[in-house]
Structure formats: structure tokens, C-alpha cells
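*Asks:* predicted model and sequence follow; I will ask about them next.
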2 protein chains.
Amino acid sequence: MTGTLYCVGVGPGDPELMTLKAARIIAQAPAYAFFAKRGRPGHARTTAAAHLRPGAAALRFEYPFTTERAVDDPDYIDAMTAFYEASADAIAAHLQTGTDVALLCEGDPFFYGSAMYLFDRITPRHATVIVPGITAMSGCWASAATPMTHGDDVLTVLPGTLDQASLTARLAGTDAAVIMKVGRNMPKICAALALAGRLESAVYVERGTMAEQRVTKLCERPDAPAPYFSLVLVPGRRRAR
Amino acid sequence: MTGTLYCVGVGPGDPELMTLKAARIIAQAPAYAFFAKRGRPGHARTTAAAHLRPGAAALRFEYPFTTERAVDDPDYIDAMTAFYEASADAIAAHLQTGTDVALLCEGDPFFYGSAMYLFDRITPRHATVIVPGITAMSGCWASAATPMTHGDDVLTVLPGTLDQASLTARLAGTDAAVIMKVGRNMPKICAALALAGRLESAVYVERGTMAEQRVTKLCERPDAPAPYFSLVLVPGRRRAR
């Protein structure tokens, strides 16, 4: 009998926004795995810390890059492929001895998550269970008290890495929008929102649901790069009803 | 001192997919409110049942319609406006006596939720707290073991009530898509997916995360209307990495 891989969403940052199921699985797992930036404790592990089983084996996967890269940079793709291969192998080694592994995932595992690259490699050979998590965007619109989508609204989730013309066209053609991966793309995002006539209603949320959370109208935000844990919300139509 | 309205997301159906925060707030609330269809126990209340505080006051809000209506039908709008007004007044009456109220919400309160219409009416006069929940779509793509969005993918969330031409254009122009409000719109949705070249990859999920869950490739599903708790997933691009 081989073990099961649990891809466990731990939510947007507030440890209380983990699900009961995530807490139970993490407390039972004899081994857990997590991604982290070099020299950092790992956000998913920090979020889940109170629930980890004492003595559980820890698999730490440290990203090979310390700064953001273009997703189509061949060096980046090669290095990330090797990184995901090695990480999946390390998990599989535990599964092969019959040990269950809980892979701790920021937000939701299948929504822009690194976990998918391990899932794709492991699921053909081992049992897998996905535990959904509260996405960063849900955490942010709750924290910002910003109702997002009503009735027949279309919601578009946009990576801020898209070029300005694509961002503008998509923002102009949707009711509600969430812009992820803000970081250094902020000037381009603001320009696209202005061109699409959506800058006035845009809300900026930094570190949503965490202790250092900051919420402001985007157009009132000082001009500065945004941290990793930030996104922009464009609420949908408010109905008269 | 007046009470606080907590809009509490209880998630997609599996009671274990409630957050720790939702469970705590529901267990503490001296009064709770929920929406229900005529003659039904109410899905959000059923999901939260194990956590309700014994003796808590219950506010049941019964939808005035038993079948789906067009969102722009004037009779529908008038009746729903009156319904939301009365529901908000019933909650406010408790808040005014200093009683906190937990409004139980299917999925996430600010993602296509009826709770927003009560929040909009109550928030100017009373303290409100939003507790995000696992959305139906997150629950469904986890249950279907379908990774949705990678890297730079654009995700579009579409109500199945849109006309076929709009659905087709939006499906052709996005990487990943979720189609909500499937119900009687299924033939139109299938036609739009086929025209957009996305039918082959579409996954149908019925009652995701619930005991009676069903997952199938949409093109292999027998031709029949879909129940309320169903949606269609179109996964984004799989990367070589």
C-alpha cells in the first residue's frame, strides 16, 4: 500500500481561514511538504503551523529564484522544471513507503498554485486528494468589504503580467475583474484601468486577511511597487434592487 | 451598542469545507439567518447545522419564487427588492437590540451571493464582518481533480444565462472558464463550447463536494437539464514544465 498525497489549501493568510478539513488532514499527516523562498519560513507552513502533527517529517522545497521572472524565459522554465521534478520525487519517495504527505498550499491548490506541477507528476502513480482553500481574491474582497459579482456579472481574473493592450481590452469588456501578480506591473495596470475607464472603482488590497493588511482606493495609493501579497479588485455592477 | 452582522460563507456543501472562523462565529452567534427555497431546509443552514448555538434565534428568509426567472423581468425585480428589504429589516431589528446575527451564505458571500443585497442595506447603519467561504467552483475543481489556472492564464467566470454569441466569444477568448447557472441553459452552453472549440476539454460537475456528487466529461453527459448545484469547468493551458 502506498500513501496518499493531499494537496491542502490553507487559505489566504489568516490561519483561521483554513477549513476544518484542512486542519484535520494536516493534524493527521505523518509528513508535510511546502514551498518557500530562500531564507524564509514559507507562508503556507506559517499559516498551518498550529495544526502540524508533532514529529511530522518536513519536506521543504526552496524556489530556485529569488526574484520574479518572465514565465517564457527558457532558463526559468528549465530551472523550474528541474525543481518540480525533484520536489515530486521527494514526495513520491515518502508515498512509496506508505506514508501520507500533506502538501501545504497558499490559497487554493488548483488556482495559480505551484502544487499543480507536483500533482500532475504524482497523480498517475499515487492516490491524490485535493482540499480546496479560500483564494487570496476571496480573502481580499471580504477584507475590503467589496461585494464583487451580482446576478449576471462576468468576472475576469487577469495576471498583471499581461501586456497593457490586453489588460485594457479585457478590463473594458468585463463586469468585474481581479488583477493578480501586481508587483512591478503596477504602473501598467493603472494605465490599463484608466484607459478602460475602471480606475475610479478599483480597490487595492495588500496582505489581505493578514495582520499588516492595507486596503485603499487604487487611485489614492502612493506610486510605489506593490509586494507579492497584493491584488486589485474591480467590483461588478451594483443592481438597483 | 448595536450588534454586528456577520456574513459567513459556509462553503460549497461539504460541512468540513467550512473555515475555522466560520465555525467559531456560527457557534457564538445568538441569532442566525439564512435563505431557503419554499418548503426546503435551506442549503446553508444544513451545511452549518452541527455548529449552530443551541437556542439561537433563527431568521428564515424564503425566496418569493420557486423557479428561475430572467434577472431583467420587472416583476421579478420588484418582488426581489421587497424580499431583500424585508429580510434586511428583520436582521436590523436584532442588531438594534445589541444582538449579533450570523447570516449563513452558500459558498462565498461576495461571489454571486444573495447576502450582498442585505449587506448593501445594512452596512451603512451597522457594523459588518465578511467571512469568506470556499466557492462552489473551488469545491468543484478540487472534486473533479482538475487543475484550472497556471502561470499567466486568464480565467473567465460566466453565467450560463448569457446569450449564445456572448458565451461563444468569451469562451474563445479566455484560457480557463467556469460556467455557473447551468440549469436549463445547458444546450446553449454546449453549443457555445463547441463553436469556441472548447467542448472536448469541458468537465461537468454536479453537486460538487456533496454526497451525491457526479463528475463527467461534458461531452459524455446524457442530454438532460442540470440541477441548480452544477457547473462546467474549462481548464486552462497545461504547461510543459
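*Replies:* Yep, it's here. Residues are numbered from 1 along each chain as shown, chains lettered A, B, ... in the order given.

*Asks:* check the gap between residue A:120 and residue B:236 for me.
*Replies:* Separation of residue A:120 from residue B:236 (CB to CB, to the nearest Å): 13 Å. Backbone N, C-alpha and C define where each C-beta goes, glycine included.

*Asks:* neighbour count for the two, which is higher?
*Replies:* residue B:236 (21 against 16; other CB atoms under 10 Å in any protein chain shown).

*Asks:* just give me the residue closest to the centre of chain A.
*Replies:* residue A:107 (4.8 Å; CA atoms, centre = their mean).

*Asks:* which ones are touching it?
*Replies:* Residues near residue A:107 by CB atoms under 8 Å, 6 or more residues apart in numbering or on different chains: A:9-12, A:113, A:133-136.

*Asks:* of these - the most surrounded one?
*Replies:* residue A:133 leads the contacts of residue A:107 on contacts (other CB under 10 Å) with 35 neighbours.

*Asks:* which residue packs closest to it, ignoring adjacent ones?
*Replies:* In this structure, residue A:133 finds its nearest non-sequential neighbour in residue A:9, 1.9 Å apart by CB to CB, 6 or more residues apart in numbering or on different chains.

*Asks:* then residue A:226?
*Replies:* Nearest to residue A:226 is residue A:182, by CB to CB, 6+ apart, at 4.4 Å.

*Asks:* residue contacts, that neighbour?
*Replies:* Taking CB under 8 Å, 6+ apart, we find residue A:182 in contact with A:160, A:189, A:226, A:230-232.

*Asks:* that one and residue A:213: what is the separation?
*Replies:* On the measure of CB to CB, residue A:182 and residue A:213 end up 15 Å apart.

*Asks:* which ones are touching residue A:146?
*Replies:* The contact partners of residue A:146, by CB under 8 Å, 6+ apart, come to A:203, A:233, A:235, B:110.

*Asks:* repeat that with 6 Å
*Replies:* Contact analysis of residue A:146 by CB atoms under 6 Å, 6 or more residues apart in numbering or on different chains lists A:203, A:233, A:235.

*Asks:* ditto for residue A:34
*Replies:* Residues in contact with residue A:34 (CB under 6 Å, 6+ apart) are A:42, A:44-45, A:104.

*Asks:* in the host helix or strand of it, what counts as buried?
*Replies:* In this structure, residue A:34 is located in strand A:31-36 according to DSSP states H and E. Using 16 or more other CB atoms under 10 Å in any protein chain shown as the test for burial, strand A:31-36 gives A:31-36.

*Asks:* starting at the chain centroid, how far to it?
*Replies:* A distance of 15 Å separates the centroid of the chain from that of strand A:31-36, by CA atoms, centre = their mean, to the nearest Å.

*Asks:* contacting residues around the following helix or strand past it?
*Replies:* Downstream of strand A:31-36, the next assigned helix or strand under DSSP H and E is helix A:43-48. With contacts defined as CB under 6 Å, 6+ apart, helix A:43-48 is touched by A:10, A:15, A:26, A:34, A:104-106.

*Asks:* one more time with 7 Å, if that's ok
*Replies:* A:10-11, A:13, A:15, A:18, A:26, A:34-35, A:104-106 (CB atoms under 7 Å, 6 or more residues apart in numbering or on different chains).

*Asks:* with pLDDT as extra columns, can I get these in TSV?
*Replies:* As requested, those are exported to TSV (pLDDT from 0 to 100):
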residue	pLDDT
A:10	98
A:11	98
A:13	96
A:15	98
A:18	98
A:26	98
A:34	98
A:35	97
A:104	98
A:105	98
A:106	97
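
*Asks:* figure out the helix or strand that residue A:157 lives in.
*Replies:* Per DSSP H and E, residue A:157 falls inside strand A:155-159.

*Asks:* oops, could you answer that again for residue A:94 instead?
*Replies:* Assessed by DSSP H and E, residue A:94 sits inside helix A:74-96.

*Asks:* mean confidence for that helix?
*Replies:* The pLDDT scores in helix A:74-96 average 94.

*Asks:* same question, stretch A:224-241
*Replies:* Throughout stretch A:224-241, pLDDT has a mean value of 84.

*Asks:* buried ones in it?
*Replies:* By 16+ other CB under 10 Å, the buried positions in stretch A:224-241 come out as A:226, A:229-236, A:239, A:241.

*Asks:* what ranges do the strands span in chain A?
*Replies:* Remark: strands assigned in chain A by DSSP state E are A:4-9, A:31-36, A:57-62, A:101-105, A:127-131, A:155-159, A:176-180, A:203-206, A:214-217, A:230-234.

*Asks:* does residue A:33 really touch residue A:100, like I thought?
*Replies:* No - Residue A:33 is beyond contact range of residue A:100, at 11.1 Å (criterion: CB atoms under 7 Å).

*Asks:* sorry, back to before: most neighbours per residue, which of the strands of chain A?
*Replies:* strand A:101-105 (a mean of 30; mean count of other CB atoms under 10 Å in any protein chain shown).

*Asks:* list of residues touching that strand?
*Replies:* Contacts to strand A:101-105, defined as CB under 7 Å, 6+ apart, come from residues A:3, A:5-10, A:25-26, A:29, A:31-34, A:44-45, A:48, A:91, A:94-95, A:113, A:115, A:118, A:133.

*Asks:* ok so, going back, and the helix holding residue A:94, what does it pack onto?
*Replies:* Judged by 3 or more CB pairs under 7 Å, 6 or more residues apart in numbering or on different chains; DSSP states H and E, helix A:74-96 is in contact with strand A:57-62, strand A:101-105, helix A:115-122.

*Asks:* residue B:80 is nearest to which of the ones you listed?
*Replies:* If you check each of these against residue B:80 by CB to CB, strand A:101-105 wins as the nearest, at 38.0 Å.

*Asks:* so what strands line up beside the closest one?
*Replies:* strand A:4-9 (parallel), strand A:31-36 (parallel) (DSSP bridges).

*Asks:* and the angle from that strand to strand A:127-131?
*Replies:* Angle of strand A:101-105 versus strand A:127-131, following axes from the mean of the first three to the mean of the last three CA atoms, to 10 degrees, is 30 degrees.

*Asks:* strand A:101-105 to helix A:115-122, inter-axis angle?
*Replies:* For strand A:101-105 against helix A:115-122, the angle by the same axes, to 10 degrees is 150 degrees.

*Asks:* by how many degrees do strand A:101-105 and strand A:57-62 diverge?
*Replies:* Interaxial angle, strand A:101-105 versus strand A:57-62 (the same axes, to 10 degrees): 40 degrees.

*Asks:* burial count for the residue lying closest to residue A:102 once chain neighbours are set aside?
*Replies:* Counting by CB to CB, 6+ apart, residue A:102 lies nearest to residue A:29, which is 3.7 Å off, once chain neighbours are set aside. Using other CB under 10 Å, residue A:29 has 24 neighbouring residues.

*Asks:* got phi/psi on residue A:29?
*Replies:* The phi/psi pair for residue A:29 (degrees, to the nearest 10) reads phi -70, psi 130.
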